[in-house]
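*Asks:* Predicted model, plus sequence, below.
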Amino acid sequence: MNLAVLSRGPQLYSTRSLVQAGRRRGHRVEVIDHLYCNLLIEGGQPQVFHGDRLLWGVDAVIPRIGASVTVPGAAIIRQFEMMGIFSVTSSEALLRSRDKLQCLQWLSQVGVGLPRTAYSNFTETPRELIDLAGGVPLVIKLLKSTHGLGVILAEKESVAESVIEAFARIRERVIVQEYIAEAGGADLRVLVIDGQVVAAMKRQAQPGEFRSNLHRGATATPVELEPEEAATAIRAAEALGLKVAGVDLLQSDRGPLVLEVNPSPGLEGITSTTGIDIADHIIRYIEKEVI
């Protein structure tokens with residue numbers, strides 16, 4: 001097969017892993033910078049160019065679209081879909097899962113556990129939003145945040161009000177979530193591929209830190225999921241239409257709660273922690289769908 005990895009960073013671990021895994025299995029793999037793609041939109045003849053070169057003969061694309069370029073990245077994926085080319089992540093699933101509010105709305109429809117979450121366009125009245133979320137302590141998140149950036153723990157109501165008001169002044173929308181204290185600054189990252197849990201790890205935040213992102217110095221250990229945790233992760237990925245997803249769960253007193261679903265999860269941390277070749281699993285999934 002001819003595979004195209006849509007990525008801005010050919011040197012990044014996840015991109016390199018996918019290229020190497022594809023080539024090990026005998027496929028031709030090329031890295032395409034999606035921001036340098038041009039689209040020809042013409043009745044019945046959609047085409048994608050990389051610069052001035054027509055991309056033809058592509059059998060499948062593997063999107064590695066960064067959060068900051070989600071919308072243009074989705075447009076490129078959609079064009080490939082219109083050409084009948086298989087994409088590991090669909091354009092609609094990418095948009096649905098990247099929008100934190102929309103993601104939670106879709107998840108609530110299928111009844112998976114979620115932290116209590118509040119959102120309002122009227123963030124000039126933060127007290128109402130705080131009350132809807134169940135009061136402090138609570139977590140305030142920008143709708144567009146990654147790697148724990150734009151995520152704030154407010155333990156006092158005055159602090160929560162100040163933060164929400166500050167974001168409102170700069171026209172940034174936020175969601176407000178209950179703080180799950182019993183999780184102890186830890187979460188579960190679950191890799192779901194084609195409706196199956198492939199790997200899972202527990203991430204523990206540094207002392208004094210509530211964000212368990214590896215980018216923020218958290219430690220990780222492989223973990224065996226409870227059946228309810230595995231089922232929740234699978235249902236979350238399916239609800240968003242994602243065939244490859246990194247599902248983040250919190251372990252709470254009322255069962256697993258979905259914190260976030262990542263449509264383009266990093267492969268380095270979970271591969272090195274679990275010893276499972278995630279990239280190889282993704283390539284094998286593509287083979288199942290395309291060959």
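*Replies:* Alright, I've got the coordinates. Numbering: from 1, shown residues only.

*Asks:* In the protein, where is pLDDT below threshold?
*Replies:* Applying pLDDT under 70 to the chain flags the ranges 122-124, 145-148, 208-217.

*Asks:* Outline the domain layout of it.
*Replies:* The chain breaks down into these domains under automatic domain parsing: 2-89, 97-113+182-263, 117-179.

*Asks:* Return the most buried member of the ones you listed.
*Replies:* Of the domains of the chain, the one with the most neighbours on average (mean count of other CB atoms under 10 Å) is domain 97-113+182-263, at a mean of 19. C-beta: built from backbone N, CA, C; applies to glycine.

*Asks:* hmm, back to that, how about TSV for the domains of the chain, with distance to Glu289 added?
*Replies:* Listed next are the domains of the chain as TSV, based on distance: least, CB to CB, whole Å:
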stretch	distance to Glu289
domain 2-89	6
domain 97-113+182-263	8
domain 117-179	28
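
*Asks:* out of those domains, nearest to Asp277?
*Replies:* domain 2-89 (6.8 Å; CB to CB).

*Asks:* Show the end-to-end separation of the closest one, please.
*Replies:* 17 Å (CA to CA, to the nearest Å).

*Asks:* cool, stretch 7-27 as well?
*Replies:* End-to-end span of stretch 7-27 (CA to CA): 18 Å.

*Asks:* What of stretch 206-224?
*Replies:* The first residue of stretch 206-224 is 22 Å away from its last residue (CA to CA).

*Asks:* And stretch 34-41, by the same measure?
*Replies:* 16 Å.

*Asks:* Touching it from outside, list them.
*Replies:* For stretch 34-41, the surrounding residues in contact (CB atoms under 8 Å, 6 or more residues apart in numbering) are 6-8, 46-52, 55, 63, 65, 69, 72-73, 75-76, 79.

*Asks:* Which stretches in the stretch 51-200 of the chain count as helices?
*Replies:* Assigned helices in the stretch 51-200 of the chain, in chain order: 70-82, 91-98, 100-109, 126-132, 157-169 (criterion: DSSP state H, counting those that start in this stretch).
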